[in-house]
Structures are given as structure tokens and as C-alpha cells.
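Colleague: Test case, fold it:
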Amino acid sequence: GEINGNTQTFVSWSWKAGGSASTVTNGMTQISDTSVNSNISRSVNTTAKFSIFTYTGTGNASKIQHGLAVTPEMFWIKCRDSTQGWHVWHKNLDTTNKGYTILNNGQKYETFSDFRIWGSNSFPDATHLMVGTHDGTNKLNDDYVGYAFAGVEGYSKFDKYEGQNDTNNAFIYLGFKPSLFICKNIDTGTDGATQSDWLIFDNIRNPFNDTSANYLKANENAVEATLDLDFMASGVKIRSTDLSIGTAETFIYMAWAETPYFGNNNRAR
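Modeller: This next block holds a predicted model:
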């Protein structure tokens, strides 16, 4: 019923990685003892700057080879053996305390003074992303899956914008016409009345602009609803004052292009 219910309408979004996964020997290294390594499984698209990886938790702060060859701007990690949430790192979260947010709830973001989620030694770099000791990212012997992204000019962008609490709201310059746009308020959001949702818009459900755009919430199983937003030739125009998209607060976003050209008219395949 949730993926193929009779007469129900569905939407999906897909990213192409690098084909079948392969083993990366010693792809995960404990930070406190670099002689302790373990293998990971990984598939990487170095052109589109997207990778999928799986690993088994060590219970110790570790670094994982993401394969992008550039510093990731966002990554998601999910424990496959427990009900832990989808932990999300985005470059525009609180970098002082290594903030993170959870894809399946409406909280603004969380910080941990002991850095349990992402570890304490350093931020992601062109080779590694970090995981700490928290059950959501690195419990001993639990299995995990991760998705890492970096922006590619003309194809994808990960950044933030400031809402203006006006129907003539922010214009977000992307440098391309988007096919998919996901945003999240990071100033407001707790479970309950002040929840600020993860909103998902795309050009298949919204083929025309200057109209109320259909969206779904990544953090809820609610039915589709509408807000005023336009996909423009070079970005996104917000026309709503809604808490989850247009109030006078800070929002992170991720976006991918309808026609992903970059460099000398090369497709980002």
C-alpha cells in the first residue's frame, strides 16, 4: 500500500551513483588508533558528486572514505538495524558544534557538546567524512547506509537562504532551472505546533510556475499540499510566508537541475 496501492498516485526521486558497489579495503579508520581499519562498500559518481556507502559501526570515532574527491556539502546516514532517525549533515548548519538535523522530524537541528554524532577531530574533507560514537551513526556492529553529495555548477547546489516573511519573498539563485528542491527551516522547529518541515518540490508534479506548488513533507506521512513557490529559469522564487519556507528565518536547501549542463556543455550524468 505504501509503494503500490491500487489507484494511488506516487512520486519518487532517484540519484545515479557509479554502478554496482565495490569493497573499499580499509575504507573506515578509527581516529584514535589509525592502525584499526575496516572495509566499506561504496558506489560513486564522481561527475555528479554523489556516493552511496555502507559500513558496520565500530563504536569508536572514525573517518569514512566517501569517494567524492571533493568535500561533501551534505550527507545523510541511517542505521539499518534500529529505529534511529536519518541523521543529516549540511554545510550551513552550526559549524561550531557540528550541528545536525534529522530527516524524519521537524526539529530545527541539534548540537552535541561531546560531538557524538560526527566526531570531534575535524570536519569532512575531500577524502573523509566523520562519525562519532552515537548509535545513530556508529554503534558497534550495527549496519549503516550513507549518501554523500557535493554541488556541481549547473547541476546541483547546497546552500542556505534568508526568508523575508513576504509574499514577494526570497529569490534563490541556483544557476539552473531546478527539477528538485528540498528546504528546511533551521531557526525554528520542535515537535508539535512550531514544527518546521522538510519540504520537497519537483518539476514533475509542478510543470508550470506562477501557481501554488505541490509539496510533500519528508518528515511526515501527510498527503500532498500546496504553497506558493515558482521554479524559474535560474533558481527558485519563494512567494509564501509559511514557517517551513518563507518566514524571516534561515533555511537550508538542496537543489538539482532539470537540464544538468556544466562546463563545455557536458551533461552531469
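
Colleague: Provide a list of residues in contact with N219.
Modeller: Counting by C-beta atoms under 8 Å, 6 or more residues apart in numbering, N219 makes contact with 102-106, 195, 197-198. From N, CA and C alone the C-beta is placed, and that goes for glycine too.

Colleague: Pick out the most distant pair among these.
Modeller: Distance extremes for the contacts of N219: the farthest pair is L103 and Q195 at 13.6 Å, using C-beta to C-beta.

Colleague: more crowded one of the two?
Modeller: Q195 (19 against 15; other C-beta atoms under 10 Å).

Colleague: L229 versus that one, what's the distance?
Modeller: Distance, Q195 to L229, using C-beta to C-beta, to the nearest Å: 19 Å.

Colleague: What segments of the stretch 101-250 of the chain are strands?
Modeller: Under the criterion DSSP state E, counting those that start in this stretch, the stretch 101-250 of the chain carries strands at the ranges 101-102, 128-131, 143-149, 156-162, 171-173, 178-185, 198-202, 212-217, 225-231, 235-238, 250-257.

Colleague: Redo those as a markdown table? Include mean neighbour count and mean pLDDT.
Modeller: Converted to a markdown table, the strands of the stretch 101-250 of the chain look like this (neighbours: other C-beta atoms under 10 Å; pLDDT from 0 to 100):
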| stretch | mean neighbour count | mean pLDDT |
| --- | --- | --- |
| strand 101-102 | 20 | 85 |
| strand 128-131 | 24 | 95 |
| strand 143-149 | 20 | 98 |
| strand 156-162 | 19 | 97 |
| strand 171-173 | 17 | 98 |
| strand 178-185 | 23 | 96 |
| strand 198-202 | 23 | 96 |
| strand 212-217 | 20 | 93 |
| strand 225-231 | 18 | 95 |
| strand 235-238 | 21 | 96 |
| strand 250-257 | 22 | 96 |
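
Colleague: Out of those strands, which gets nearest to N37?
Modeller: Judged by C-beta to C-beta, the one of the strands of the stretch 101-250 of the chain that comes nearest to N37 is strand 128-131, at 12.4 Å.

Colleague: for that closest one, packing partners?
Modeller: The helices and strands touching strand 128-131, judged by 3 or more C-beta pairs under 8 Å, 6 or more residues apart in numbering; DSSP states H and E, are strand 62-65.

Colleague: can I get the contacts of N219 in JSON lines with distance to S156?
Modeller: Written out in JSON lines, the entries for the contacts of N219 read as follows (distance: C-beta to C-beta, whole Å):
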{"residue": "I102", "distance to S156": "22"}
{"residue": "L103", "distance to S156": "18"}
{"residue": "N104", "distance to S156": "22"}
{"residue": "N105", "distance to S156": "25"}
{"residue": "G106", "distance to S156": "25"}
{"residue": "Q195", "distance to S156": "27"}
{"residue": "D197", "distance to S156": "22"}
{"residue": "W198", "distance to S156": "17"}
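
Colleague: Done for today, thanks.
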